[in-house]
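*Asks:* compute the structure for the input listed below.
(2 chains)
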Amino acid sequence: MIKDIIKIGINLMLICLVGGTILAATNFITAPKIEEVEKEAKLQAQLSVLLSATQFKEIKQGFFKGLNAKGETVGYVISCLAEGYSGAFWVMAGVNKEFKIVRINVLTNKETPGLGSKIEEDEFRNQFKGKCVESLEVVKTPTADKIQAITGATISSKAVTEAVKKGLVELKRIIQK
Amino acid sequence: MLKIFLNGIFKENPIFRLALALCPSLAVSNTAFNGLGMGLCLLFVITSSNVIISSVRNLIHPKIRIPAYLTIIAVLVTMVEAFLHAYVPALHKSLGIFIALMVVFAIVLARAEVFASKNTVWKSLMDGLGMGLGFALAMVLLGIIRELLGSGSVFGYNIMGQNFKPILIMLFSPGAFLLVGLLMGFFNWYERRFTKNL
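*Replies:* Residues are numbered from 1 along each chain as shown, chains lettered A, B, ... in the order given. Here you go, the predicted model:
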């Protein structure tokens, strides 16, 4: 009985030992490459909302300062968590030095295809261009200085707008402190 | 040997015959590219797990064979995930959680238990290749049909033209479920007709 347990234990331990060693070797080879890939993906996402910058510096978790080639601050990038209709998703917003929005980008989300998923489209996203905190409010009628909700997807539209607004208010607080 | 290889592709196709890999076939066959990617990953995992398990089958205590098999499969899958993440990030992103979920795909463990633990290395290699290829072909077939009907393209190339109105349901799991059922029925019907003529 005891002998059996020890035998089984050693058997399983040996398998795990070999497996663990192989995984350690795999990690040793791939880890630096993975980090590089992730860094590149992050940079591309930041660049997509703040084209004038060439590099980014983290000020605080989720808040980045965009610098140009000369090292001058050209704006900020914030990643904001939005509470959507079917779960949370990330929105990235590029902001210029006057705290006006340059561009926003909606990352992977599970909003209803054909309705809520329209928050990813240019028609909705372009409304944010040039807006400041005060204009970030969702209305249901055509508007020039506010954000018009997508028909049938008010919750998703509000989620994006609220998230960006919250991020922008927080950014202002951090910078002006 | 050839018979073992072909067995996995036709007679015991993992998706259409054994119905043992339905979870990935519903979830990641929405485009032909994803289907192919998943298929190739599984081809690698099932072939290597079959070879490794059959070569160490006499060293593993029978009482702990299942945890032992799972450990071996998990190591292989983790390796695949790390390498995909590092060298094919696009595929890693679109397959998402389903790469890690390969550990619990019924087909891999089933072949380890049913075949690799009782057969020689060479036979297990053939079985793994056949099963993996059968799975990959089925995934690509599903991917092509779903992408064609759901977005009007195949491997990202537009085929149906501008006026095509996509059948959205084909992009979701219910559409895939319907399609798997229809294809399964078609293959059954085809085989029955074929054997009757003999």
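*Asks:* contacts only, for B:Met1.
*Replies:* B:122-123, B:126 (C-beta atoms under 8 Å, 6 or more residues apart in numbering or on different chains). (Each C-beta comes from the backbone N, C-alpha and C, glycine too.)
*Asks:* mind telling me what element A:Leu23 is part of?
*Replies:* Element membership of A:Leu23 [criterion: DSSP states H and E] is helix A:2-49.
*Asks:* could I get the phi/psi values of the residue lying farthest from the centre of chain B?
*Replies:* The centre of chain B is farthest from one residue, B:Asn163, which by C-alpha atoms, centre = their mean lies 33.5 Å away. When quoted as degrees, to the nearest 10, the phi and psi of B:Asn163 stand at phi -80, psi 0.
*Asks:* now B:Pro174
*Replies:* Torsion angles, degrees, to the nearest 10, at B:Pro174: phi -60, psi -40.
*Asks:* gap between it and chain A?
*Replies:* B:Pro174 sits at a distance of 13 Å from chain A (criterion: C-beta to the nearest C-beta, to the nearest Å).
*Asks:* check B:Val140 too.
*Replies:* 24 Å.
*Asks:* now do the contacts for that residue.
*Replies:* B:32, B:35-36, B:39.
*Asks:* that one: which element?
*Replies:* Going by DSSP H and E, B:Val140 is part of helix B:121-151.
*Asks:* next helix or strand past that helix?
*Replies:* strand B:153-154.
*Asks:* what's the average pLDDT for that next one?
*Replies:* Strand B:153-154 comes out with an average pLDDT of 86.
*Asks:* which residues does it contact?
*Replies:* B:32, B:144, B:147-148, B:159-160.
*Asks:* can I get those in a markdown table including distance to chain A?
*Replies:* A markdown table is the format used below for those (distance: C-beta to the nearest C-beta, whole Å):
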| residue | distance to chain A |
| --- | --- |
| B:Ala32 | 19 |
| B:Ile144 | 21 |
| B:Glu147 | 15 |
| B:Leu148 | 18 |
| B:Ile159 | 21 |
| B:Met160 | 18 |
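*Asks:* highest neighbour count among the residues you listed?
*Replies:* Highest neighbour count within these: B:Glu147, with 26 neighbours (other C-beta atoms under 10 Å in any protein chain shown).
*Asks:* that one: what's it in contact with?
*Replies:* Counting by C-beta under 8 Å, 6+ apart, B:Glu147 has contacts B:30-32, B:153-155.
*Asks:* which pLDDT value goes with it?
*Replies:* 89.
*Asks:* neighbours of the residue nearest to it when sequence neighbours are not counted, how many?
*Replies:* Among residues not flanking B:Glu147 along the chain, B:Thr31 sits closest, at 4.6 Å (C-beta to C-beta, 6 or more residues apart in numbering or on different chains). B:Thr31: 22 surrounding residues under other C-beta under 10 Å.
*Asks:* mind checking the longest strand of chain A?
*Replies:* strand A:73-84 (DSSP state E).
*Asks:* the residue nearest to B:Asn7 when sequence neighbours are not counted and B:Phe5: what is the separation?
*Replies:* Spatial nearest neighbour of B:Asn7, chain neighbours left out: B:Gly130 (5.7 Å); criterion: C-beta to C-beta, 6+ apart. According to C-beta to C-beta, to the nearest Å, B:Gly130 and B:Phe5 sit 4 Å apart.
*Asks:* more crowded one of those two?
*Replies:* B:Gly130 (27 against 18).
*Asks:* mind listing what that one touches?
*Replies:* B:4-9.
*Asks:* filter those residues down to the buried ones, ChimeraX style.
*Replies:* Those of the contacts of B:Gly130 that count as buried under 16 or more other C-beta atoms under 10 Å in any protein chain shown are selected in ChimeraX with:
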select /B:4,5,7,8,9
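*Asks:* how about the contacts of B:Gly130 in CSV, adding secondary structure and pLDDT?
*Replies:* Converted to CSV, these look like this (DSSP: H, G, I helix; E, B strand; the rest coil; pLDDT from 0 to 100):
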residue, secondary structure, pLDDT
B:Ile4, helix, 86
B:Phe5, helix, 86
B:Leu6, helix, 85
B:Asn7, helix, 84
B:Gly8, helix, 82
B:Ile9, helix, 84
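*Asks:* which pair in the contacts of B:Gly130 spans the largest distance?
*Replies:* Farthest-apart pair in the contacts of B:Gly130 is B:Ile4 and B:Ile9; separation 10.6 Å (C-beta to C-beta).
*Asks:* which ones are touching the most centrally placed residue in chain B?
*Replies:* With distances taken as C-alpha atoms, centre = their mean, B:Phe135 lies nearest the centre of chain B, 3.3 Å away. Applying C-beta under 8 Å, 6+ apart to B:Phe135 gives the contacts B:8, B:13-15, B:21, B:39, B:42-43, B:46, B:107.
*Asks:* quick one: neighbours of residue 121, just the number.
*Replies:* With no chain named, the answer covers chain A. A:Glu121: 11 surrounding residues under other C-beta under 10 Å.
*Asks:* wait, I meant chain B there
*Replies:* 16.
*Asks:* pLDDT score assigned to it?
*Replies:* At B:Val121, the pLDDT recorded in the model is 93.
*Asks:* what do you get for the one 3 residues further on?
*Replies:* B:Ser124 is assigned 94 on the pLDDT scale.
*Asks:* go on, B:Leu198?
*Replies:* For B:Leu198, pLDDT reads 49.
*Asks:* state the phi and psi torsions of the residue nearest to B:Glu147.
*Replies:* Torsion angles, degrees, to the nearest 10, at B:Thr31: phi -130, psi 160.
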